[in-house]
Each structure stands twice: as structure tokens, then as C-alpha cells.
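A.B. asks: Predicted structure and sequence below. I'll ask about it afterward.
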Amino acid sequence: MKANNSFQIIGHVGRDAEHTIHEKGNRASFSVAVDASYGSGEQRVEKANWFNVTAWKNQADFAGKHVKKGAKVQINGYLNTRKYTPAGAEKEITVIELVAQEITMLKWATQPTEAVEA
């Protein structure tokens, strides 16, 4: 059976997208909080699960312009694992991120002044 790496989240943007240009192309990164709860009655626990999101190329351009803190978004993409060693550190860090293939704005942080297409 063929494996499928497909992931979808709906949540609120935790920080404005940071848009940068790299040798591999345009890149934007931001975080999204997804509400979660378990239990019931007085035992009910509410929390947020945070996801690091990375977008490339056209999706990065869109995110850099329109993905702002507080906006509600739907992200469709796939999970990616990467490793790096921070400057001055001895240990390698493993990061799991959601690579956005499609970004849908469900509620804007501020209303856009132009027509927008992702």
C-alpha cells in the first residue's frame, strides 16, 4: 500500500508570516494554534497545539502579504522533518513542520484592500 503524507489544520495564526528570499526560492514561516480539549464537566481541559508552518514560492508570497497574527486559516500540506545544529550548540535539533501547499484565509486579521488569490 502506498503511503500518503497529507495534513490539514484549521487554527489561528500566532505570529505574522516572516517572508524571506533564499537560494531555494521564496520562503515564509509562521505558527498556527489549533484548539484542543479533552475530558468533560469540571475535568474538561482546554489547550492549544502549536504548529510551525513553512510555505514556498507562490504560497510564501501570499503568506508574506496576508497571513497576520490573529487570522483564522486552513492549511493543507504535508509534514516534513529536518535537522540542524544551532550556532554555538553541540546537539542537533529535529524540527517537524507543516509545509503549506494551500493556504485558505477563513477570517482575516484585517480586511484586505485588494483582491486576493492564493
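C.D. replies: Everything's here; your move.
A.B. asks: hey, let's count contacts and neighbours off CA atoms from now on
C.D. replies: Will do.
A.B. asks: what about the chain, any weak spots by pLDDT?
C.D. replies: Scanning the chain for pLDDT under 70 picks out 1, 109-118.
A.B. asks: all helices of it, in order?
C.D. replies: In the chain, the helices defined using DSSP state H lie at 57-66.
A.B. asks: OK, contacts around Y38?
C.D. replies: Taking C-alpha atoms under 8 Å, 6 or more residues apart in numbering as the contact definition, Y38 lies against 44-46.
A.B. asks: center of the chain - which residue?
C.D. replies: V53 (2.6 Å; C-alpha atoms, centre = their mean).
A.B. asks: Tell me how far that one lies from A3.
C.D. replies: Here the distance between V53 and A3 works out to 22 Å (C-alpha to C-alpha, to the nearest Å).
A.B. asks: returning to that earlier point: name whatever forms a beta bridge with the nearest residue to the residue nearest to the centre of the chain once chain neighbours are set aside.
C.D. replies: In space, and not counting its chain neighbours, V53 is closest to L98: 4.7 Å by C-alpha to C-alpha, 6 or more residues apart in numbering. Beta bridges link L98 to V53, L79, judged by DSSP bridges.
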